[in-house]
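# Kindly return the folded structure for what I paste below:
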Amino acid sequence: MADKNIGKITQIIGAVLDIKFTEGNLPEINDAIRITRKNGEKLVVEVSQHLGDDTVRCIAMGPTDGLVRGMDAEATGAAISVPVGENTLGRMFNVLGEPIDEIDAPKGVEYWPIHRKAPSFEEQATSQEMLETGIKVVDLLCPYQKGGKIGLFPPPSGGRCPGQIRSCGPPRRKPPERCAFSARLKWPRCCRFRSRSQR
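Here you go, the predicted model:
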């Protein structure tokens with residue numbers, strides 16, 4: 001078993017941490033680093049910059065409350081990975097790939113890193129199709145292309161929930177489009193996922 005790559009936290013500013021490693025053991029950019037709090041909880045941070053002097057600047061994927069300088073940080077040697085596959089459809093996960101919909105983690109799925117190379121031109125579709133959202137203003141003035149990333153920024157109290165639901169495709173479409181939502185803010189109460197036991 002290889003030795004663990006352990007570094008020390010040298011600076012904490014909000015969600016940004018600086019971690020110093022021993023010479024020659026600097027983690028790569030986008031690698032995940034695990035920090036164990038005093039109460040046993042684990043915090044995952046992601047390397048975003050090499051500062052020099054064997055120090056990396058990281059972004060925390062959770063609250064940094066309770067962290068102090070000098071705490072151990074273990075480099076995982078890999079990027080944050082999330083589950084992919086048929087068993088993940090209709091589920092909700094956080095940025096670390098952990099289920100947040102009160103259902104057990106999916107079984108028999110692969111885990112892929114969140115930072116991957118773009119598909120080659122041979123793997124991409126050559127035809128361009130419009131994603132029919134059913135939202136008249138969007139379809140008429142600013143149509144979205146299928147297979148791309150979409151940003152929908154309604155004003156406060158301007159219909160975030162219906163916009164997200166309709167972006168997955170009109171209800172008449174069978175089978176429904178596959179889509180994923182990424183949000184920094186909490187979901188509105190009307191959009192919160194109900195567990196299967198509550199349905």
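# Count residues in the vicinity of residue 113, would you?
13 (other Cβ atoms under 10 Å). C-betas here are computed from N, CA, C, even on glycine.
# Could you do the one 5 residues further on as well?
The tally of other residues near residue 118 (other Cβ under 10 Å) stands at 7.
# How about residue 49?
That count, for residue 49 with other Cβ under 10 Å as the rule, works out to 13.
# which residues sit against stretch 38-56?
Contact partners of stretch 38-56, identified using Cβ atoms under 8 Å, 6 or more residues apart in numbering, comprise 7, 10, 17-23, 25-37, 57-64, 66-67, 73, 79-80, 96.
# what about dumping the CA coordinates of that stretch to CSV?
Output of stretch 38-56 as CSV, limited to C-alpha atoms (Å, rounded to 0.1, in the frame of the first residue of the first chain):
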residue,chain,number,x,y,z
LYS,A,38,-12.3,16.9,14.9
ASN,A,39,-15.8,15.5,15.1
GLY,A,40,-15.0,12.9,12.4
GLU,A,41,-16.9,14.6,9.5
LYS,A,42,-15.1,14.8,6.2
LEU,A,43,-14.8,17.9,4.0
VAL,A,44,-13.7,17.6,0.4
VAL,A,45,-11.8,20.5,-1.2
GLU,A,46,-10.7,20.8,-4.8
VAL,A,47,-7.3,22.1,-6.0
SER,A,48,-7.8,25.1,-8.2
GLN,A,49,-4.3,26.7,-8.3
HIS,A,50,-0.6,26.0,-7.7
LEU,A,51,0.9,28.8,-5.7
GLY,A,52,4.5,27.7,-5.6
ASP,A,53,6.5,26.6,-2.6
ASP,A,54,4.6,23.2,-2.7
THR,A,55,1.4,25.0,-1.8
VAL,A,56,-2.0,24.6,-3.5
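# Pull out the buried residues from that stretch.
43, 44, 45, 46, 47, 55, 56 (16 or more other Cβ atoms under 10 Å).
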